[in-house]
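Participant: here you go, sequence then predicted model.
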Amino acid sequence: MIRRLLLALVAALLPVPAVAAEATPREEIRLWPGTPPGNGKVEGPEKIGSEGAGLGAVSNVAVPRMRVYRPVTPNGAAVLVAGGGGYFRIQLKKESTPAAEWLAAQGFTVFELIYRLPNDGWDAAAPFMDAQRAMKIIRTRAGEFGVKPDRIGIMGFSAGGHLAGFTAYQPGRALYEGKDRFEQVSARPDFAVLLFPVVTLRKPYDTTRTRREIVGEKASEKAEIAWSLDTYASKDAPPTIIFAAADDPTTPPGHGILLFQTLVAAGASAELHLFRDGGHGWGLGKPEQVISQWPGLFTHWAQSLQIIEKRGE
């Protein structure tokens, strides 16, 4: 009973995810001049899912880019947001777009990442090239967006969580050659927000679509280790907050627990919130779900790290 009362009190105090009409109309920033690096070529229009689990998801991405959401009242921080989809599609409608709109309503300048997909024929490293490049562009142009260059974070859902985590823990990985002005700054995000992330490609969690798309059905142990986030969870990792559901059939909570334990053991700043239920792909969550509290928990966490100030201060 006491626990229920405490949960009710916390829920009452946390901000409720708002429908974000505050963000100005989107603009788009292409990540690469001309042909992107890496092998592969995609032709034809992008595909947008029209039903089922793929509703509103994009695939056949030929032009990697960011959609920009500018808040009416910027708080000086920015977030690069990556939807999931197992690296064969990107869940915009269910994951990255609602999160981007909510973040913009809170004052964050948001960059929604539309990255290349191995399933479309690109190299397995292509999405990671795109995420690194996006972080560098945001940091280089921070002044133009009213963003502080040391308050740029990354958020990812599911496979997008894997992408976000890899970018956070391996920002200096030489994935491509670049010489323009954007390549003069670090790709390391200042904080990472991972929601039901794919963390490891090893057993017993070797059944994800993410694993199949990145390393294939019959991957070597070396490849599994090379593309697992916990491999790179060091004391130098940016502060990380992880959200997961106990009943997630796609990325069981063991993924988030493993990453949390590895980060803490390494001496990094990490926080884990494990909810009783919610399944997979819950985005902002429904109001009646306890899991819908995660945006408020993220806000308090960001305030505790002085990424943003408390409202009214």
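Facilitator: All right, it came through fine. Just so it is clear, the structure is predicted and the values come from calculations on it, not from any experiment.
Participant: what does stretch 30-43 contact?
Facilitator: Residues from elsewhere that reach stretch 30-43, judged by C-beta atoms under 8 Å, 6 or more residues apart in numbering: 60-66, 116, 120-123, 125-126, 129-130, 133-134, 137, 175-178, 180. Where you see a C-beta, it was placed from the backbone N, CA and C, and this is true even at glycine.
Participant: count the neighbours of the nearest residue to A245 once chain neighbours are set aside for me.
Facilitator: Ranked by C-beta to C-beta, 6 or more residues apart in numbering and with sequence neighbours excluded, the top spatial neighbour of A245 is G278, at 3.5 Å. For G278, the number of neighbouring residues by other C-beta atoms under 10 Å comes to 22.
Participant: kindly report the same for A57.
Facilitator: Residue crowding around A57 was assessed by other C-beta under 10 Å; the count is 23.
Participant: what are the bridge partners for it, then?
Facilitator: Here A57 sits in beta bridges with Q91, going by DSSP bridges.
Participant: the helices in this protein, which residues?
Facilitator: Counting by DSSP state H, the chain has helices at residues 2-13, 97-105, 126-140, 159-169, 209-215, 221-226, 254-266, 294-304.
Participant: from the contacts of stretch 30-43, which would you call buried?
Facilitator: Those of the contacts of stretch 30-43 that meet the buried threshold are 60-61, 64-66, 116, 120, 122-123, 125-126, 129-130, 133-134, 137, 175-176, 178, by 16 or more other C-beta atoms under 10 Å.
Participant: quick check: L55 touching E95?
Facilitator: No: shown here, L55 and E95 do not form a contact pair, counting by C-beta atoms under 8 Å, at 11.5 Å.
Participant: the more surrounded of those two?
Facilitator: When neighbours are counted by other C-beta under 10 Å, L55 and E95 differ, and E95 comes out ahead with 30 against 13.
Participant: in contact with that one: list those residues for me.
Facilitator: Contacts for E95 were tallied using C-beta under 8 Å, 6+ apart; they are G83, G84, F157, S158, G160, L195, G281, G283.
Participant: can you do 7 Å?
Facilitator: Residues touching E95, when contacts are defined by C-beta atoms under 7 Å, 6 or more residues apart in numbering, comprise G83, G84, F157, G281, G283.
Participant: could you dump the residues you listed to CSV with distance to L259?
Facilitator: Below are the contacts of E95 laid out as CSV (distance: C-beta to C-beta, whole Å):
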residue, distance to L259
G83, 19
G84, 16
F157, 15
G281, 19
G283, 20
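Participant: can I get those residues in JSON lines with neighbour count and pLDDT?
Facilitator: Converted to JSON lines, the contacts of E95 look like this (neighbours: other C-beta atoms under 10 Å; pLDDT from 0 to 100):
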{"residue": "G83", "neighbour count": "33", "pLDDT": "97"}
{"residue": "G84", "neighbour count": "32", "pLDDT": "96"}
{"residue": "F157", "neighbour count": "32", "pLDDT": "98"}
{"residue": "G281", "neighbour count": "20", "pLDDT": "93"}
{"residue": "G283", "neighbour count": "22", "pLDDT": "92"}
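Participant: and those, which is closest to L305?
Facilitator: Of all those, the one with the least separation from L305 (C-beta to C-beta) is F157, at 21.0 Å.
Participant: so the closest one makes contact with V81?
Facilitator: No: F157 is not in contact with V81 according to C-beta atoms under 7 Å; the separation is 8.4 Å.
Participant: shared neighbours, the two?
Facilitator: Jointly contacting F157 and V81 under the rule C-beta under 7 Å, 6+ apart are S96.
Participant: show me where the stretch 51-200 of the chain has its strands.
Facilitator: Along the stretch 51-200 of the chain, counting by DSSP state E, counting those that start in this stretch, strands occupy 57-59, 65-69, 78-82, 90-91, 109-114, 152-157, 191-195.
Participant: what's the third one packed up against?
Facilitator: Secondary structure elements in contact with strand 78-82, counted by 3 or more C-beta pairs under 7 Å, 6 or more residues apart in numbering; DSSP states H and E, are helix 97-105, strand 109-114, helix 126-140, strand 152-157, helix 159-169.
Participant: possible to save those as CSV with distance to H300?
Facilitator: Shown next, in CSV, are the helices and strands packed on strand 78-82 (distance: least, C-beta to C-beta, whole Å):
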stretch, distance to H300
helix 97-105, 15
strand 109-114, 19
helix 126-140, 24
strand 152-157, 15
helix 159-169, 20
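Participant: which one, of those, ends up nearest to R89?
Facilitator: Of all the helices and strands packed on strand 78-82, helix 159-169 sits nearest to R89, with 9.3 Å by C-beta to C-beta.
Participant: average pLDDT across that closest one?
Facilitator: Averaging pLDDT along helix 159-169 yields 98.
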